[in-house]
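Participant: can you look at this prediction? I've put the sequence above it.
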Amino acid sequence: LAKTTQPISMDSYEGQEVNITCSHNNIATNDYITWYQQFPSQGPRFIIQGYKTKVTNEVASLFIPADRKSSTLSLPRVSLSDTAVYYCLVGDGVGFQKLVFGTGTRLLVSP
Amino acid sequence: GAVVSQHPSRVICKSGTSVKIECRSLDFQATTMFWYRQFPKKSLMLMATSNEGSKATYEQGVEKDKFLINHASLTLSTLTVTSAHPEDSSFYICSARAGTFYEQYFGPGTRLTVT
């Protein structure tokens, strides 16, 4: 399984754009990159998924360079409610059978 | 999006007893369900993968006789913690995957406290 590396924590202020980068040097050809958000005492929530280039939805954007060895989750204009842990995961390449969570990035948004 | 529920949300049990946690996919059929455990301020740890109608596959280090998993239907999986001990106290989270979807949908979690 491809291992991921993320910053342990990040701080931001309301209204700023936050970019969280994840390294996955051993990503396999069939692997997808997925980001989840988790609030305390809740299950993770799917944010966005991509394979290459750029993906955007109503919540975030995901930037993936050509070599796919890293990815960046971009949260536009964060609010206090975006304070959470963000996990970057890479599929195991076989129908994305199981997700292995890394340490995640603890984002703290302040007023 | 798809909804996964867990019951109970919180449970307190005495040491030595067993407790069952249910995970249901409410609006889709889950061919595969996963069980995770999460300790405070730590990441989720995958415990096992279960496919409907077959035996669960446990991750290394997870005792299959202690954590019994049953995936009897396409909408229900259960995790039974047998002979629970205080060190089993944790946040247990299930997730469900439907068919060829790449997304997994997570339940809200169950807080288990063993006294």
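Facilitator: Perfect, I can see it now.

Participant: please make it C-alpha for all contacts and neighbour counts, starting now.
Facilitator: OK.

Participant: end-to-end on stretch B:71-89?
Facilitator: The stretch stretch B:71-89 measures 23 Å between its terminal residues, going by C-alpha to C-alpha, to the nearest Å.

Participant: what mean pLDDT does it have?
Facilitator: On average, the pLDDT along stretch B:71-89 is 94.

Participant: any chance you could list what contacts the lowest-mean-pLDDT helix or strand in chain A?
Facilitator: Every helix and strand in chain A was compared by mean pLDDT, DSSP states H and E; the lowest is strand A:45-50, with a mean of 91. Applying C-alpha atoms under 8 Å, 6 or more residues apart in numbering or on different chains, the contact partners of strand A:45-50 are A:32-38, A:55-57, A:59-62, A:64, B:103-106.

Participant: repeat the analysis, applying 7 Å as the threshold.
Facilitator: Defining contact as C-alpha atoms under 7 Å, 6 or more residues apart in numbering or on different chains, one finds that strand A:45-50 is touched by A:Tyr32, A:Ile33, A:Thr34, A:Trp35, A:Tyr36, A:Gln37, A:Gln38, A:Leu62, B:Phe106.

Participant: who does the residue nearest to A:Pro40 when sequence neighbours are not counted form a beta bridge with?
Facilitator: Distance criterion C-alpha to C-alpha, 6 or more residues apart in numbering or on different chains; nearest residue to A:Pro40, sequence neighbours excluded, is A:Ala84 at 7.4 Å. In this entry, A:Ala84 is beta-bridged to A:Leu107, by DSSP bridges.

Participant: strands paired with the least confident helix or strand of chain A, and their directions?
Facilitator: Its sheet considered, strand A:45-50 pairs with strand A:33-38 (antiparallel) by DSSP bridges.

Participant: and for the residue lying closest to B:Gly53 once chain neighbours are set aside, the neighbour number?
Facilitator: With sequence-adjacent residues excluded and distances taken as C-alpha to C-alpha, 6+ apart, B:Gly53 is closest to B:Ala72, at 5.8 Å. Look at B:Ala72: counted by other C-alpha atoms under 10 Å in any protein chain shown, it has 15 neighbours.
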